[in-house]
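> below: sequence and its predicted model.
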Amino acid sequence: MGICAREYPLFSACGLNCGLCPRFFTDGPSRCPGCGAEGFSQKHPSCGFLSCCRRHEVEYCGLCAEYPCARYDGAEQYDSFITHQNQMKNFEKIKEIGFEAYRVELNRKVTLLNKLLNHFDDGKRKSYYCLAVNLMELEDIELVIQQFTAHGQSDTPKEKAAAAVGLFEKIASKRGVTLKLRKPEPKAEKEAGRKAL
């Protein structure tokens, strides 16, 4: 298995939904083609997860006999361009429903995210929509789009985006989901916090 020969690059070797990442939906040189897709190695030449999967001859980490290994220590605590909150839960879901069913669901989420970006974005919501579609259940995303589609079609892009965000926030609040990327504390603040303890 070559490092750039993954069958389904919308789901990463490490458990992230690459098809729901803002960088996947970016035009230009910073666009990421998805995990292990053509051109991926130029963007991420030293991905330890992909290299490890290749050594263990598995498509993704959840199939490895050593999963979860030390690479996952603290993996879900902070986010990058994409949320890591469900990284390990994604593998649990695959075990529960099977990879093909997971793939169908992820493909549907990618389609819905495309719809949000093409019809309900004011040019400032890409990261937010990627996060919401990643963290929320498929039924909730479909509900937001259905409710919003019933909303006035003559609204400006800014009004459409505000209405969609309002609906996402309302449902997320009911589900106990926070639609915000988590960033690590700055190093100085961490050290000050430790000294205070």
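In hand now; what should we look at?
> excluding chain neighbours, what is closest to residue 134?
residue 20 (4.6 Å; C-beta to C-beta, 6 or more residues apart in numbering). The C-beta positions use only the backbone N, C-alpha and C, and glycine is treated the same way.
> count the residues that sit near that neighbour.
Look at residue 20: counted by other C-beta atoms under 10 Å, it has 24 neighbours.
> swap in residue 30?
10.
> from residue 9, how far out is residue 172?
Applying C-beta to C-beta, to the nearest Å, the value for residue 172 to residue 9 is 28 Å.
> sorry, that was for residue 171
29 Å.
> wait, doesn't residue 130 sit right on residue 82?
Yes. If you go by C-beta atoms under 8 Å, residue 130 and residue 82 touch, sitting 6.8 Å apart.
> the more surrounded of the two?
residue 130 (25 against 22).
> how about the secondary structure of the more buried one?
helix (DSSP: H, G, I helix; E, B strand; the rest coil).
> all helices of this protein, in order?
40-43, 48-56, 87-97, 99-119, 126-135, 138-149, 157-175, 187-196 (DSSP state H).
> got the buried residues for the first one?
Going back to what we said before, that points to helix 40-43. Buried residues in helix 40-43, counting neighbours by 16 or more other C-beta atoms under 10 Å, are found at residue 40.
> pLDDT (mean, whole number) over that helix?
Computed over helix 40-43, the mean pLDDT rounds to 84.
> my guess is residue 53 contacts residue 61, does it?
Yes. Between residue 53 and residue 61 there is a contact under C-beta under 8 Å: 6.4 Å.
> mutual contacts of those two, please.
Both residue 53 and residue 61 are contacted by residue 13, under the criterion C-beta atoms under 8 Å, 6 or more residues apart in numbering.
> now, of the helices of the chain, which is deepest in the fold?
helix 126-135 (a mean of 22; mean count of other C-beta atoms under 10 Å).
> any idea of the mean pLDDT for that helix?
Helix 126-135 carries an average pLDDT of 97.
> same question for stretch 178-188.
Stretch 178-188 comes out at a mean pLDDT of 78.
> point out where this structure drops to low pLDDT.
1-5, 150-154, 185-197 (pLDDT under 70).
> could you measure from residue 23 over to residue 122?
20 Å.
> who touches both of residue 130 and residue 82?
20-22.
> got a list of what residue 65 touches?
residue 56.
> distance check, it against residue 49.
16 Å.
> now do residue 121
30 Å.
> cool, residue 99 as well?
On the measure of C-beta to C-beta, residue 99 and residue 49 end up 17 Å apart.
> give me every residue that touches residue 14.
By C-beta under 8 Å, 6+ apart, the neighbours of residue 14 are 35, 49, 60-61, 71, 75, 87.
> closest to residue 148 out of those residues?
Set against residue 148, the nearest of the contacts of residue 14 by C-beta to C-beta is residue 87 (28.5 Å).
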